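**Student:** only the shape, not the letters, is given here:
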Ligand SMILES: Nc1ncnc2c1ncn2[C@@H]1O[C@H](COP(=O)(O)OP(=O)(O)O)[C@@H](O)[C@H]1O
Ligand SMILES: [Mg+2]
């Protein structure tokens, strides 16, 4: 993909705080859709987001969103962006409704009432809209943050750790709202997180950061096959027979059975594809499935950033 196919680009982006470099030649590329920006604590996610939002000036290198420079054109960019920061302070005495009215006014949104009602419903805060924010749970705070980020109908929403410190049900709700917004309004999301299990269901693209640099990025399904450890699945009429034969085959690294299914780690893929059907035929076995296994996001992460 060429760089102008991406909505967010950084080019050799570095950012230091005193002598310490938080970002070192970071090349982040984010396409339209839902992107997971993944890395352990301290990897540089929040610093990157700070640069993207024009809050931090790059020490060297460049960052752009929609082709606009994040430092120089920050004002123009911000009108197309929604943001939820890692930590957010809300006026506890306000109700969600009043708070969003206040935010809408800052954005200069017309037909405020209608718009706010739609947001409150979208993030599932409609029933508590008249309650003071200070009575909300952690999950409700995050949903309010999401409503705030979405209020101007932005093209891109940047969420810094939207699912940290909330329970699994709360996390699932946040993720389903994100998915829904992407489907309904075509909103793109850049979601920073260190919680991998969350991403599997929502992200189409993954950018993995470690020690201030991108270690790999791409469409989730492409990365899955790339890091899938050459594992294949074979369904055959008599798995035990096949396994005995495969154990001594040169192109096999490892072979085992789980629940009547044969799994192999393969050294030579071409030989594997040509030989396995022959072996099965010679043994008079019926070969039902021969399939490459794809890796999970956890596997991809373990093989790039090394896990946390
Ligand atoms: N304002 C700052 N002053 C000094 N060091 C900072 C500052 N902000 C971040 N850092 C350092 O930069 C690195 C990256 O931090 P951060 O971007 O917050 O990572 P993440 O969001 O991935 O957890 C860390 O080593 C952190 O201590
Ligand atoms: Mg952070």
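**Tutor:** Looks like it came in fine. On a predicted model such as this, the values are computed, not experimentally measured, just so you know. Residues are numbered from 1 along each chain as shown. Ligands and ions are numbered 1, 2, ... in the order given.
**Student:** would you map the helices across the stretch 151-300 of the chain?
**Tutor:** Taking DSSP state H, counting those that start in this stretch, the helices of the stretch 151-300 of the chain run over residues 168-185, 220-226, 239-246, 269-282, 297-304.
**Student:** out of the ones you listed, deepest packed?
**Tutor:** Using mean count of other CB atoms under 10 Å, the stretch among the helices of the stretch 151-300 of the chain with the greatest mean number of neighbours is helix 297-304 (a mean of 20). The C-beta positions use only the backbone N, C-alpha and C, and glycine is treated the same way.
**Student:** enumerate the residues of the stretch 1-150 of the chain near ligand 1.
**Tutor:** 17, 20, 22, 39, 41, 42, 43, 44, 45, 46, 47 (CB under 6 Å from any ligand atom).
**Student:** repeat the analysis, applying 8 Å as the threshold.
**Tutor:** Contacts of the stretch 1-150 of the chain with ligand 1, taken as CB under 8 Å from any ligand atom, map to 17-18, 20, 22-23, 39-50, 86.
**Student:** over to the stretch 151-300 of the chain?
**Tutor:** Near ligand 1, when you scan the stretch 151-300 of the chain using CB under 8 Å from any ligand atom, you find 160, 161, 192, 194, 209, 212.
**Student:** so which of the residues you listed are in strands?
**Tutor:** Taking DSSP state E as the definition of strands, these contribute 160, 192, 209.
**Student:** quick check on the residue most central in space within the chain: phi, psi?
**Tutor:** The chain has residue 36 as the residue nearest its centroid, 1.6 Å off, counting by CA atoms, centre = their mean. Backbone geometry at residue 36, expressed as degrees, to the nearest 10, gives phi -90, psi 130.
**Student:** I figured it hits residue 199, correct?
**Tutor:** Yes: the criterion here is CB atoms under 8 Å, and residue 36 meets it with residue 199 at 4.1 Å.
**Student:** which neighbours do those two share?
**Tutor:** Common neighbours of residue 36 and residue 199 (criterion: CB atoms under 8 Å, 6 or more residues apart in numbering): 191, 193, 206, 297.
**Student:** the nearest residue to the third one once chain neighbours are set aside pairs with what?
**Tutor:** When the adjacent residues along the chain are set aside, residue 206 lies closest to residue 36, with 4.9 Å between them (CB to CB, 6 or more residues apart in numbering). Beta bridges link residue 36 to residue 191, residue 206 when assigned by DSSP bridges.
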